[in-house]
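[1] I would like the atomic coordinates for the input below:
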Amino acid sequence: MEIESVKCECCELKEDCTQDYISGVKAKFDGKWLCGLCSEAVRDEVSRGNNAFDIEEAVKAHMSFCGKFKSNPAVRVADGMRQMLRRRSGDLNSSPSSSKKYTRSASTKSY
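    Numbers count the residues shown, from 1 in each chain. Prediction:
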């Protein structure tokens, strides 16, 4: 099984995948290879009943959305995960003493 590096046509994130997997993804998304995050966003857009997007329209809309942001896709993914974890930690830690653990200065320590 040969591994190939492929770049998402929406966000330009690179992933290492097998040719079979790449072909399968392209078959689902109108001949375009999308990373896992972008493919989920496109599927979500298609599943919304009010927009009635087909795959091709949803891929075009998501590509347009990604084109508006020029930062490194890996940084955007990391930022999104950080925001999600901050929201979740706020939900789980309602006491004021526990929220002090997650201040900006604490997150800049090197381990």
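[2] and the gap between the residue nearest to the spatial centre of the chain and residue 2?
    Nearest to the geometric centre of the chain sits residue 37, at 3.3 Å (CA atoms, centre = their mean). Counting by CB to CB, to the nearest Å, the separation of residue 37 from residue 2 is 24 Å. For the C-beta atoms, the positions are set from N, CA and C on the backbone; glycine is no exception.
[3] Hmm, the residue nearest to the centre of the chain is touching residue 15, no?
    No: Residue 37 sits out of contact with residue 15 when judged by CB atoms under 8 Å, with a separation of 10.3 Å.
[4] secondary structure element for the residue nearest to the centre of the chain?
    helix 36-47 (DSSP states H and E).
[5] Just list what that helix packs against, helices and strands only.
    Under the contact criterion of 3 or more CB pairs under 8 Å, 6 or more residues apart in numbering; DSSP states H and E, helix 36-47 touches helix 55-67.
[6] the inter-axis angle of the next helix or strand after the helix it packs on versus helix 36-47?
    Next along the chain after helix 55-67, taking DSSP H and E as the criterion, comes helix 73-92. Counting by axes from the mean of the first three to the mean of the last three CA atoms, to 10 degrees, helix 73-92 points 70 degrees away from the direction of helix 36-47.
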